[in-house]
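1. test case, fold it:
(2 chains)
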Amino acid sequence: MLYIYNTLTRTKEEFRPIDPSLVRMYRCGPTVYKHMHIGHAKSYVSTDMVRRYLAHIYGPDHVMFVMNITDVGHLADDSDDGEDKMEAQARRENRSPFEIALYYEQSWFDDLDRLGVMRPDRVPHATDFIRQQIEMTEQLLQKGLAYQANGSVYFDVHAYEGRGVPEGFVPYGGLSNRKLEEQQHGGRIAVFEEKRNPQDFALWKAAEPEHSMQWYSPWGWGYPGWHLECSVMAQYYLGETFDIHAGGLDNMFPHHECEIAQSQAANAKPFVNWWMHVNLIRIGGDKMGASAGNAMTLKQMLEQYDPMAIRYLILQSHYRSPQDFDMESLAAAQAGLERFRRAAERLRQAVGDDADTASVDAMPPFFTEFLAAMDDDFNTTIALGALAAGITELNSLLAAGNADPAGLLAFYKSLRIAFDQILGFDLFSRPIATTQNNALTGQLMELFIELRREARARKDWPASDLIRDRLKERGVVLEDTKEGTRWTMGE
RNA sequence: GGCGCCGUGGCCGAGCGGCUAGGCAAGGGUCUGCAAAACCCUGUACAACGGUUCGAAUCCGUUCGGCGCCUCCA
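-> Here you go, the predicted model:
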């Protein structure tokens, strides 16, 4: 039984998809105007893990995961003179906003690929759904839940509230648990007098002539509001009501709240059954993020660290916990991951090539513990603990040298499913170091090992150590075991 | 002003009424020519002070310290 914490109810609830033959999940994707940073990594790795686990339970072909790309610049704040993020970046880089979007989208996917984040099943772009966004705006106008002002259209939160909240629907503020009248308005942002009420939000914004991204609409030239694209694209691919909507905690209000209001208002149906919110990365106890100015790009980090170590570090904490990020814990994660890798490689050599097609009767106990932890709101911390215990057990077995083949095969299968399929570490699918090179390399290594064996036989330790040290300088590691000397190459 | 979160052993980080978390680091050991790898052993931690309870890191209260959201942000 899978339990998922639902932000709507603030409790873990047994997950029941609307249609088990197609579990439908959405997450808000990036606004592509700059490189990805480590904070994004936690969010995307976490939702990827959720998606992978759902695929494990319901089958890979029975999960539909959609993530949008926001390639329309949105205003940096809610006032009229706020600057469009994409336009601003375009000016800085002396490129068009369209080029900016294209360039940074590619950059994001490059980084996500390296982190082992699977591509979503659908990746719609906001600019490809302008027509649908206009249509939803028109629907809301017709229903009297939106109003025009100077070529812009705003969602009327008070009118929406005034209609009452039917059973099963979420009132405005119901997700983030806030009451309209208790919010501070006009403090840090100027109240925009075009709006009837401060909490009204834009569905469509009139564009200034110099704004390069604009489209023609019934209200003149403009561009869509910030929240509308997700409602529209989620509905297009997943239907009016779907199972899971995931995203960062910092998007809970106002973004997700507005999505709910729009979609419920337009469709007169509940929008989403489970809301999942990934907590944030901190640096030195403070939030890290675009506006905090302390964000480190992932590309900078990947110059020094294995992307999978970053993934491992992220999954070592729970997705709903804030995570303090520093280089020391990243190094620790890398060390831990390497132990897993070495074990995986030894295991793969032990089970041989047809292990993938062989069948297994029973999975080892640690795998059951792993699944139980995952079922408990994706507790990857506990799940990884179970796997660590499994690895220790496996290493003992391998070291003893008398493990029965069926047992090893069970380890192989379960570790492969847990580590690679579900958690997304690329532990087993890498080529084995000793065979990835060409035949000549292998033959030369055989020669070195033989020379060293002879040196050791005559107890010529300086010669023996010279061979080992010099090879190590070149990234080749020799290890003496009971079965003889093994060699491996680093990355 | 409103809503909410956190303070766990050297570091990271689960747990959230009774049973070893785990990882990394550190120390000791086994193996070994040495090394590496691997395995075994070692820390009795829960901000402070009260309270509830047979029993609290886990519940309640107070205090101290830190943080988030209410504004674009993952």
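2. now the helices for the stretch 251-400 of chain A?
-> If DSSP state H, counting those that start in this stretch is used as the criterion, the helices of the stretch 251-400 of chain A fall at A:257-267, A:298-302, A:307-316, A:327-351, A:365-375, A:380-400.
3. give me whichever of these is most buried.
-> Mean neighbour count, computed with mean count of other C-beta atoms under 10 Å, is highest for helix A:257-267 among those, reaching a mean of 25. (C-beta placed from N, C-alpha, C; glycine too.)
4. what's in contact with that one?
-> Taking contacts as C-beta atoms under 8 Å, 6 or more residues apart in numbering, the residues outside helix A:257-267 that touch it are A:136, A:139-140, A:143, A:145, A:155, A:157, A:160, A:169-170, A:172-176, A:201, A:203, A:226-228, A:230-231, A:234-235, A:240, A:245, A:269-272.
5. among the residues you listed, which lie within strands?
-> Among those, the residues falling in strands (DSSP state E) are A:155, A:201, A:203, A:245, A:272.
6. flag whichever of the residues you listed scores worst on pLDDT.
-> In this model, the minimum pLDDT among the ones in strands among the contacts of helix A:257-267 belongs to A:Phe201 (91).
7. give me the neighbour count for that residue.
-> Applying other C-beta atoms under 10 Å, we find 22 other residues in the vicinity of A:Phe201.
8. ok, now A:Pro405?
-> Burial measure for A:Pro405: 12 neighbouring residues, criterion other C-beta under 10 Å.
9. ditto for A:Arg10
-> Look at A:Arg10: counted by other C-beta under 10 Å, it has 8 neighbours.
10. do A:Glu479 as well
-> Under the neighbour criterion other C-beta under 10 Å, A:Glu479 is assigned a count of 11.
11. and the residue nearest to it when sequence neighbours are not counted, how many neighbours?
-> Using C-beta to C-beta, 6 or more residues apart in numbering and skipping residues adjacent in sequence, the residue nearest A:Glu479 is A:Arg486, 5.2 Å away. When counting by other C-beta under 10 Å, one arrives at 16 neighbours for A:Arg486.
12. what strand or helix carries A:Arg486?
-> When elements are defined using DSSP states H and E, A:Arg486 is found to belong to strand A:484-489.
13. relative to that strand, what are the paired strands and their orientations?
-> Taking DSSP bridges as the criterion, strand A:484-489 pairs within the sheet with strand A:476-481 (antiparallel).
14. is any residue of the partner strand near RNA strand B?
-> Yes. Against RNA strand B, strand A:476-481 shows contacts by C-beta under 7 Å from any atom of the strand at A:477-481.
15. OK, contacts around the residue in the stretch 201-350 of chain A positioned nearest to RNA strand B?
-> When distances are taken as C-beta to the nearest atom of the strand, the stretch 201-350 of chain A reaches nearest to RNA strand B at A:Gly248, 1.6 Å away. Going by C-beta under 8 Å, 6+ apart, A:Gly248 touches A:28, A:43, A:277-278, A:280.
16. and it, what are its bridge partners?
-> A:Val278.
17. least confident pick among the contacts of A:Gly248?
-> Ranking these by pLDDT, A:Leu280 lands last with 90.
18. that residue and A:Leu249 touch, don't they?
-> Yes. Applying C-beta atoms under 8 Å as the test, A:Leu280 and A:Leu249 come out as touching, 5.8 Å apart.
19. and which of the residues of strand A:476-481 next to RNA strand B is nearest A:Ala403?
-> The closest of the residues of strand A:476-481 next to RNA strand B to A:Ala403 turns out to be A:Thr481 (C-beta to C-beta; 15.0 Å).
20. what's the separation between the closest one and A:Arg453?
-> As defined by C-beta to C-beta, to the nearest Å, A:Thr481 lies at a distance of 13 Å from A:Arg453.
21. go on, A:Leu398?
-> For A:Leu398, the distance to A:Arg453 under the criterion C-beta to C-beta works out to 22 Å.
22. okay, now A:Pro124: neighbour count?
-> Residue neighbour count, defined by other C-beta under 10 Å, stands at 21 for A:Pro124.
23. ok, now the one 3 residues further on?
-> A count of neighbours around A:Thr127, defined by other C-beta under 10 Å, yields 19.
24. over to it. Which of the three states is it?
-> Remark: A:Thr127 carries the secondary structure label helix [criterion: DSSP: H, G, I helix; E, B strand; the rest coil].
25. so it makes contact with A:Asn68?
-> No. Under the criterion of C-beta under 8 Å, A:Thr127 lies out of contact with A:Asn68, with a separation of 10.7 Å.
26. who touches both of those two?
-> In contact with both A:Thr127 and A:Asn68: no residue, using C-beta under 8 Å, 6+ apart.
27. which pLDDT does the model give the residue lying closest to A:Ser212 once chain neighbours are set aside?
-> Using C-beta to C-beta, 6+ apart and skipping the chain neighbours, the partner closest in space to A:Ser212 is A:Pro97 (5.5 Å). In the prediction, the pLDDT value recorded for A:Pro97 is 90.
28. gap between A:Pro97 and A:Glu167?
-> Taking C-beta to C-beta as the criterion, A:Pro97 is separated from A:Glu167 by 44 Å.
29. these two: which has the busier surroundings?
-> Using other C-beta under 10 Å, the more surrounded residue of A:Pro97 and A:Glu167 is A:Pro97, with 23 against 5.
30. hmm, A:Gly73 and the more buried one touching each other?
-> Yes. Between A:Pro97 and A:Gly73 there is a contact at 5.9 Å, judged by C-beta under 8 Å.
31. need the overlap of contacts for these two.
-> In contact with both A:Pro97 and A:Gly73: A:84, A:86-87, A:213, using C-beta under 8 Å, 6+ apart.
32. which of these ranks first by neighbour count?
-> The most crowded member of these, judged by other C-beta under 10 Å, is A:Met86 (25 neighbours).
33. got the contact list for it?
-> When contacts are counted by C-beta under 8 Å, 6+ apart, A:Met86 is found next to A:31-33, A:71-74, A:97, A:100-101, A:213.
34. ok, and it, which helix or strand is that part of?
-> Element membership of A:Met86 [criterion: DSSP H and E] is helix A:85-93.
35. give the other helices and strands that the next helix or strand after that helix contacts.
-> Once helix A:85-93 ends, the next helix or strand along the chain (criterion: DSSP H and E) is helix A:97-114. In this structure, helix A:97-114 makes packing contacts with helix A:85-93, helix A:298-302, judged by 3 or more C-beta pairs under 8 Å, 6 or more residues apart in numbering; DSSP states H and E.
36. with mean pLDDT added, can I get these in a markdown table?
-> Putting those into a markdown table (pLDDT from 0 to 100) gives the following:
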| stretch | mean pLDDT |
| --- | --- |
| helix A:85-93 | 87 |
| helix A:298-302 | 88 |
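37. what about stretch A:389-397 and RNA strand B, any contact?
-> Yes. Residues of stretch A:389-397 are located near RNA strand B by C-beta under 7 Å from any atom of the strand, namely A:389, A:391-392, A:395-396.
38. closest to A:Asp19 among those?
-> The shortest distance between A:Asp19 and any of the residues of stretch A:389-397 next to RNA strand B, using C-beta to C-beta, involves A:Ala389 and amounts to 36.5 Å.
39. tell me the contacts of the closest one?
-> For A:Ala389, the residues meeting the contact criterion (C-beta under 8 Å, 6+ apart) are A:366, A:369.
40. what of A:Trp461?
-> By C-beta under 8 Å, 6+ apart, the residues touching A:Trp461 are A:Ala455.
41. now swap in A:Lys143 and tell me
-> By C-beta under 8 Å, 6+ apart, the residues touching A:Lys143 are A:265-266.
42. before we move on, what about A:Val66?
-> Shown in contact with A:Val66 (C-beta under 8 Å, 6+ apart): A:24-27, A:120-124, A:233-234, A:237-238.
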